[in-house]
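Chemist: How does the following fold in three dimensions:
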Amino acid sequence: MKAVRDGRSGRAPKAREEAPDLPGVWSAYGVLLQYPRKRAGLNQQQLGDAIGYSLEQVASVEQGRRPAKAAFTAAAERALGAGGVLLALQDEVDRAKLPRFFRNVALLEADALSRFSYDPLLVPGLLQTEAYAQALLEAHFPPLDEEVIEQRVAARLARQALLARKNPPGVFVFIVEEDAFRRVVGSKAVMRAQLEAVLSCSRMRNVEIQVMPTARGAHSGLNGPMVLLESTDRRRHVYVEAQDVVTVRSGEDEVSEFWLRYGMLRTQALSNEESSRLIERMAGEL
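Modeler: Predicted structure coming up:
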């Protein structure tokens, strides 16, 4: 069969570009937003004026092209008397800002009673400052779109609410290589603020931060990073991430080996108190 020709050029027309693969929860949120807005007798411009956002921003959220931030949701709830339906979706909206490969892991993480991790290269995401996360994502290659960077930074910061969650509370242990704290990401000022943020987290009663000193040499974690999770129903999972590829394991024998390995790592790393003193010295050197 011959290709259909464009009448003016005689060439086959280009296929229409596919719409970007946006998360369905953003569209669902947009539909929910339209209902109370219309019930209140407001158009998009009027809603934007009422909550301090532009017409374009409101339209983008309603069309599912842009995720609502927590501040947008709070303002819309107040202005429209939405009864909490928008707020109920906010966690899912935020989670969908994460890269696709990480979203299922984020669900496991959100349900975890305990999270133990070993990070050899970078300060872990749950401890990152906004400026540190921004610098990392700006260094991503191939380069990320500015809006994608903004969304991923926001999602990373939103995940950090897990550290202060009360119901149920979680226990967090971070073992981080000394070199990860010495790598200057962004600038010295950014790194100094990052180390100070890590120290602040180390003072939380449910958080332990242990530095693996470079002087330790060979140890049981050198095969790479790992995260161990125990869920509210006491199921154990392990996930390993490298180069945007995530592997999750939950088999009893396999998971048990990781738990044993992590137990050894904790004995090889500096204690929380020793680690805090070392991080303070590193911050003072910047």
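
Chemist: Residue 237: how many residues sit nearby?
Modeler: For residue 237, the count of nearby residues is 20 (other C-beta atoms under 10 Å). The way it works is simple: take the backbone N, C-alpha and C, and place the C-beta from them, glycine included.

Chemist: tell me the secondary structure for it?
Modeler: Classification of residue 237 using DSSP: H, G, I helix; E, B strand; the rest coil returns strand.

Chemist: and it, what are its bridge partners?
Modeler: residue 229 (DSSP bridges).

Chemist: Let me know the pLDDT of it.
Modeler: At residue 237, the pLDDT value in this model is 90.

Chemist: If we ignore the residues flanking it in sequence, what's nearest residue 185?
Modeler: residue 135 (5.0 Å; C-beta to C-beta, 6 or more residues apart in numbering).

Chemist: what's the burial count for residue 285?
Modeler: 10.

Chemist: got it, and residue 42?
Modeler: 17.

Chemist: ok, it - contacts?
Modeler: Shown in contact with residue 42 (C-beta atoms under 8 Å, 6 or more residues apart in numbering): 50, 80.

Chemist: so which helix or strand takes in the residue nearest to residue 185?
Modeler: Using DSSP states H and E, residue 135 maps to helix 130-138.

Chemist: Which SSE is immediately downstream of that helix?
Modeler: By DSSP H and E, the next helix or strand past helix 130-138 is helix 146-159.

Chemist: tell me the mean pLDDT over that next one?
Modeler: On average, helix 146-159 scores 90.

Chemist: do the same with stretch 111-122
Modeler: pLDDT averaged over stretch 111-122 gives 93.

Chemist: still on that earlier bit, could you check the helix holding residue 135 and say which residues are buried?
Modeler: 131, 132, 133, 134, 135, 136, 137 (16 or more other C-beta atoms under 10 Å).
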